[in-house]
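[1] make a model of this:
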Amino acid sequence: MSVPTGADIEALCSKCGDVWHVVVAKVGEEIVRVICKECGAQHRYRNPKLKNQPRARSSSSSSSASPRPPREAKVVQRFDTPAVTADLTKAVRTYKASEKFQVGERVEHPTFGTGVVEIAEPGRMTVFFAVGRKVLVQAKGDAAGGGLTRPRPFEHKPAGAPPDAKAVETSDEEQ
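    A predicted model of the protein is given here:
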C-alpha cells in the first residue's frame, strides 16, 4: 500500500499525543517526516506497526564493509605541579596588588589559596594555584616592599595676569 505525500496517516505525536498527521516527506516508499494536524509539530515518522522492531538503516550507510575507526579521545592537559619550584626558605606572603613579587615566591590569596609565582612581569604575574593558573596584578615599580606610591599632590598657583597683558594695556593707552 503506497501512501502519497500530503495524505493523512495515523502516528502518535510526541508533543501533544494526537494520532492524526499529514505525510510531508518520503524516501522511496518509506515515510520519513510527518506534521501533526493538532499542534503543527513536525517530526520523524514512527510506524506504529513496527514499534518493537529496530529501524532499518539506509543502504548508503551499510555499503561500507569496514566499521568506522574509533574516535580518538581528546587529551585534557592537567597541570599537577607548578612550572617553577617554590622557594621554601621564604615565608608565604599575603597577596596585595600594591606589592611586587618574585618568581618562586609563595603567595596566599584570599580566594584561590596558596600558590607559587611562575612568571613575574612589571604590573602582573602568573601564579600557579591548586585551582589552576591565574594572572594577578602586582606593583610595577622596582621597590621590593611596596612598588605603588601615591602621586604627589598638584600644587595650585593663583591665576595671575598673563605675561603679555601689561604690554597690551600700555599699547592701547598710547593710541
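
[2] I'd like the next helix or strand past the least confident helix or strand in the chain by mean pLDDT.
    Ranked by mean pLDDT, DSSP states H and E, the weakest helix or strand in the chain is helix 59-62, scoring a mean of 51. Next along the chain after helix 59-62, taking DSSP states H and E as the criterion, comes strand 93-94.

[3] strand partners (parallel or antiparallel) of that next one?
    strand 106-109 (parallel) (DSSP bridges).

[4] and the following helix or strand past the strand it pairs with, what's buried?
    Sequence order places strand 113-121 as the next helix or strand after strand 106-109, per DSSP H and E. By 16 or more other C-beta atoms under 10 Å, the buried positions in strand 113-121 come out as 115, 116, 117, 118, 120. All C-beta spots, glycine's among them, are computed from the backbone N, C-alpha and C.

[5] after strand 113-121, heading C-terminal, what element do we hit next?
    From strand 113-121, the next helix or strand downstream (DSSP H and E) is strand 124-129.

[6] who are the packing partners of that next one?
    strand 106-109, strand 113-121, strand 132-137 (3 or more C-beta pairs under 8 Å, 6 or more residues apart in numbering; DSSP states H and E).

[7] so for stretch 31-45, what gets flagged as buried?
    The neighbour-count check on stretch 31-45 (16+ other C-beta under 10 Å) flags 31, 33, 34, 36, 43, 45 as buried.

[8] export that stretch as PDB, just CAs?
    C-alpha atoms of stretch 31-45 as PDB (Å, rounded to 0.1, in the frame of the first residue of the first chain):
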ATOM      1  CA  ILE A  31       7.500   7.700   5.100                       C
ATOM      2  CA  VAL A  32      10.200   9.700   6.900                       C
ATOM      3  CA  ARG A  33       8.500  13.000   8.100                       C
ATOM      4  CA  VAL A  34       5.000  14.000   9.200                       C
ATOM      5  CA  ILE A  35       3.200  17.100  10.600                       C
ATOM      6  CA  CYS A  36       0.700  16.800  13.400                       C
ATOM      7  CA  LYS A  37      -2.800  18.100  12.500                       C
ATOM      8  CA  GLU A  38      -3.500  19.100  16.100                       C
ATOM      9  CA  CYS A  39      -0.400  21.100  17.200                       C
ATOM     10  CA  GLY A  40       1.500  21.600  13.900                       C
ATOM     11  CA  ALA A  41       4.700  19.800  15.200                       C
ATOM     12  CA  GLN A  42       6.900  18.300  12.600                       C
ATOM     13  CA  HIS A  43       8.800  15.100  13.500                       C
ATOM     14  CA  ARG A  44      10.100  11.800  12.300                       C
ATOM     15  CA  TYR A  45       7.500   9.200  11.300                       C
END
